[in-house]
Every structure is written in structure tokens, then in C-alpha cells.
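Asker: take a look and give me a structure for this.
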Amino acid sequence: MTLDLLPVGQGARIVAVDWTALVPEEAQRLRALGLEEGARVSVAHRGILIWRDPVAVTVGRMTVAVRRVHAAAMEVESL
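Answerer: Residues are numbered from 1 along each chain as shown. Next comes the predicted model:
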């Protein structure tokens, strides 16, 4: 399952990221925020528009808003 499909409030671990699907600068920023393989995450909130964008992701003690296309590039497993 990808991070954009994870139900709100459910914990997961990022098992793989398709870094080639992302712009290099965006990929670097996501890594700096801790969104990389092995990180424990959960979806805190989704946008209310048709595309459900952005996705608020909790990583550790911080919440980061990411675009849905970024979340779709992250493969997760439920905890």
C-alpha cells in the first residue's frame, strides 16, 4: 500500500520510496524531514478538495504536509 492510501490515524512504516518519481530537490527535502525508508509515519489529515491534497503526515513528533503525488511514491506497511 502507498502512503496516500493509508487510513487516517493508522500507523505504518515506510518500506520503499520511488525517488526517481520525484523531483531531486523535493526528494532531498523529504529526506531532510525524515520521510525515508524505515520511518514510522501516520496520516493525520487529508485535504478536503477533490484530489484530497495535501496529506498531513506525522513523522515522530512533527506533522508535515506533503503533496499526494509524493505520498503515492512511498510504499508503507501497516504496524
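Asker: what's the spacing between the residue sitting nearest the centre point of the chain and Ala12?
Answerer: Nearest residue to the geometric centre of the chain (CA atoms, centre = their mean): Ala71, 4.0 Å. For Ala71, the distance to Ala12 (CB to CB, to the nearest Å) stands at 11 Å. The C-beta positions use only the backbone N, C-alpha and C, and glycine is treated the same way.
Asker: in what helix or strand does the nearest residue to Ala44 once chain neighbours are set aside lie?
Answerer: Spatial nearest neighbour of Ala44, chain neighbours left out: Ala56 (4.3 Å); criterion: CB to CB, 6 or more residues apart in numbering. Assigned by DSSP states H and E, Ala56 falls within strand 55-59.
Asker: do the same with Val64
Answerer: Using DSSP H and E, Val64 sits within strand 62-66.
Asker: mind listing the strands that strand pairs with, and their directions?
Answerer: Next to strand 62-66 in the sheet, as set by DSSP bridges, lie strand 55-59 (antiparallel).
Asker: distance between the strand it pairs with and the chain's centre?
Answerer: Centroid separation for strand 55-59 versus its chain: 6 Å, with CA atoms, centre = their mean, to the nearest Å.
Asker: mind listing residues that contact it?
Answerer: Residues outside strand 55-59 that contact it (CB atoms under 8 Å, 6 or more residues apart in numbering): 3-4, 33-35, 39-47, 63-68, 71.
Asker: let's see it at 10 Å
Answerer: 3-4, 6, 8-9, 11-12, 14, 30, 33-36, 39-47, 63-72, 74 (CB atoms under 10 Å, 6 or more residues apart in numbering).
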